[in-house]
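**Q** pasting the structure only:
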């Protein structure tokens with residue numbers, strides 16, 4: 001997701017997206033350890049998107 005798309009999300013949607021990304025990152029880490037990871041670049045993109053979601057969530061909570 002782009003930053004502008006993330007900024008539109010509400011608080012509950014951000015928490016839901018954060019949970020999804022954390023689960024996906026966990027799955028990617030397990031696949032990497034087992035040697036079944038097909039797209040190693042996906043881990044980087046998931047980490048960056050998670051950081052974006054957390055940044056927007058913190059900014060929204062600070063403004064309220």
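**A** Right, received. Where do you want to start? Only a predicted model underlies this, so the values are computations on that prediction, with no experimental measurement involved.
**Q** nearest residue to the residue positioned nearest the centre of the chain other than its sequence neighbours?
**A** With distances taken as Cα atoms, centre = their mean, the residue of the chain nearest its centroid is residue 50 (2.6 Å). Leaving out its chain neighbours, the residue that sits closest to residue 50 by Cβ to Cβ, 6 or more residues apart in numbering is residue 21, at 4.3 Å. (C-beta placed from N, C-alpha, C; glycine too.)
**Q** Next: residue 46.
**A** Nearest one to residue 46, counting by Cβ to Cβ, 6+ apart, is residue 25 at 5.0 Å.
**Q** Averaged pLDDT, the helix or strand where the one you found lies. What do you get?
**A** Here residue 25 sits within helix 11-34, counting by DSSP states H and E. Mean per-residue pLDDT for helix 11-34: 96.
**Q** The helix or strand that comes right after that helix: how far from the chain's middle?
**A** Per DSSP H and E, the first helix or strand lying C-terminal to helix 11-34 is helix 41-63. Helix 41-63 sits 6 Å away from the centroid of its parent chain (Cα atoms, centre = their mean, to the nearest Å).
**Q** ditto for stretch 56-64
**A** That offset, for stretch 56-64, works out to 17 Å (Cα atoms, centre = their mean).
**Q** again with stretch 37-46
**A** The answer for stretch 37-46 is 12 Å, by Cα atoms, centre = their mean.
**Q** First-to-last residue distance for that stretch?
**A** This stretch, stretch 37-46, spans 14 Å end to end (Cα to Cα, to the nearest Å).
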